[in-house]
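Asks: let me see the structure of the following:
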Amino acid sequence: MRNILARDRARTLARFVRGRVLLAFDYDGTLAPIVRDPERAALRVRTRACLGRLVELYPCVVISGRARADVAGRLEGLGVVAVIGNHGLEAGRAGRRFQRLVARWQRALAGALAGLPGVVLEDKGLSLAIHYRAAPDRARTRQAVMRAVTGLPGARVFGGKAVVNLTPEHGAHKGTALEREMARLRCDRAVYVGDDQTDEDVFALERQERLLTIRVGPHLASRAAYCVRDQRQVDALLSRLAALRAGGGQASPPAGGGQPRAGARRRARAGVASASKKGASTPRAAVPRTR
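Replies: This is a model prediction of the structure:
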């Protein structure tokens, strides 16, 4: 897996970001570093500044495993075009049916996990996350968690970094969410950056000629085309993407044509800010500059 920031990859990145290009990012482990307490995950000052510059040059969306309202609050004021939560499920239309299913899983697991130290069961409405980063013995704890989730009806179970995730097996995922945003924003191509197993739903999409997939941290089993060294190198990637446009290219025009206008950017920022006050199950994205 080649580092997209390597000198011999410079032309690859420069050629790809010409035209109508969507930039899409995961949150935890990509825009924000992984921390022991997920509630404390936040963008570094430099990352926030880099992303703030990018949204003036490209349409940018964030597709996260967190609930949309949670992520939107952490991105308040940045003006990303859309925030999609719950591993892409909040881009779908089966909200209430999936919420009832997830509620049944939550009731079944609350008792099964109660005696495990350092385990937190997070109910995000459309999915569950079982965090065990604080467990004294992570390996044994993960085994116990996997025994508890085995056999839950209709559940897609997949791991992450000290977390086990449960989503409805026939629901939307990050790959379908990205495709939907590309169509909605009329983008011909997309750059997607992610770091975890749930991002493989994007990395494995067909028609890879329309995608530039970048994994945070190289991994032999990943289907991403490229990588960056680690989460800290994400800032360098954001800066490179901005420089490619600011150095002579043109910003991707918003859906509907024309150049991004200050008023449209303010409306996009307002949309993300208001999303932090809504419930996690609200699927509506922030208003695009015409996420």
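Asks: going forward, measure contacts and count neighbours with C-alpha atoms only.
Replies: OK.
Asks: low-confidence ranges, the protein, go.
Replies: Counting by pLDDT under 70, the chain shows low-confidence ranges at 92-95, 248-291.
Asks: now do the helices in it.
Replies: For the chain, the helices defined by DSSP state H occupy 10-16, 45-54, 68-74, 95-112, 138-149, 174-184, 200-203, 234-246, 262-275.
Asks: can I get those in a markdown table including distance to residue 28?
Replies: Compiled in a markdown table, the helices of the chain are given as follows (distance: least, Cα to Cα, whole Å):
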| stretch | distance to residue 28 |
| --- | --- |
| helix 10-16 | 23 |
| helix 45-54 | 13 |
| helix 68-74 | 10 |
| helix 95-112 | 22 |
| helix 138-149 | 20 |
| helix 174-184 | 14 |
| helix 200-203 | 15 |
| helix 234-246 | 12 |
| helix 262-275 | 18 |
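Asks: just put the ones you listed in a markdown table and tack on distance to residue 29 and mean neighbour count.
Replies: Formatted as a markdown table, the helices of the chain follow (distance: least, Cα to Cα, whole Å; neighbours: other Cα atoms under 10 Å):
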| stretch | distance to residue 29 | mean neighbour count |
| --- | --- | --- |
| helix 10-16 | 22 | 13 |
| helix 45-54 | 12 | 17 |
| helix 68-74 | 13 | 23 |
| helix 95-112 | 25 | 16 |
| helix 138-149 | 19 | 16 |
| helix 174-184 | 15 | 19 |
| helix 200-203 | 14 | 22 |
| helix 234-246 | 10 | 18 |
| helix 262-275 | 21 | 20 |
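Asks: out of these, nearest to residue 217?
Replies: helix 234-246 (10.0 Å; Cα to Cα).
Asks: ok, now which ones touch the residue sitting furthest away from the middle of the chain?
Replies: Distance from the centre of the chain peaks at residue 115, with 31.4 Å (Cα atoms, centre = their mean). Going by Cα atoms under 8 Å, 6 or more residues apart in numbering, residue 115 touches no other residue.
Asks: any idea how far residue 131 is from it?
Replies: 14 Å (Cα to Cα, to the nearest Å).
Asks: number of nearby residues for residue 6?
Replies: 10 (other Cα atoms under 10 Å).
Asks: what do you get for residue 226?
Replies: Residues within reach of residue 226, counting by other Cα under 10 Å, total 22.
Asks: settle this for me: it is touching residue 2, isn't it.
Replies: Yes. With contact defined as Cα atoms under 8 Å, residue 226 counts as touching residue 2 (5.2 Å).
Asks: any residues in contact with both of these two?
Replies: By Cα under 8 Å, 6+ apart, no residue touches both residue 226 and residue 2.
Asks: looking at it, residue 195 is touching residue 32, isn't it?
Replies: No. Using Cα under 8 Å, residue 195 is not in contact with residue 32; the gap is 10.8 Å.
Asks: compare those two (neighbour count), which wins?
Replies: More neighbours surround residue 195 than the other of residue 195 and residue 32, with 28 against 20 (other Cα under 10 Å).
Asks: quick one: the nearest residue to residue 164 once chain neighbours are set aside and residue 106, what's the gap?
Replies: Counting by Cα to Cα, 6 or more residues apart in numbering, residue 130 is the residue found nearest to residue 164 once chain neighbours are left out, at 5.1 Å. Between residue 130 and residue 106 the computed distance is 10 Å (Cα to Cα).
Asks: try residue 211
Replies: Applying Cα to Cα, the value for residue 211 to residue 106 is 36 Å.
Asks: before we move on, what about residue 64?
Replies: 20 Å.
Asks: then residue 187?
Replies: Counting by Cα to Cα, the gap from residue 187 to residue 106 is 38 Å.
Asks: please apply the same query to residue 122.
Replies: For residue 122, the distance to residue 106 - Cα to Cα - is 9 Å.
Asks: cool, and residue 233?
Replies: Distance from residue 233 to residue 106, counting by Cα to Cα: 37 Å.
Asks: residue 151 - how many residues pack around it?
Replies: Using other Cα under 10 Å, residue 151 has 9 other residues around it.
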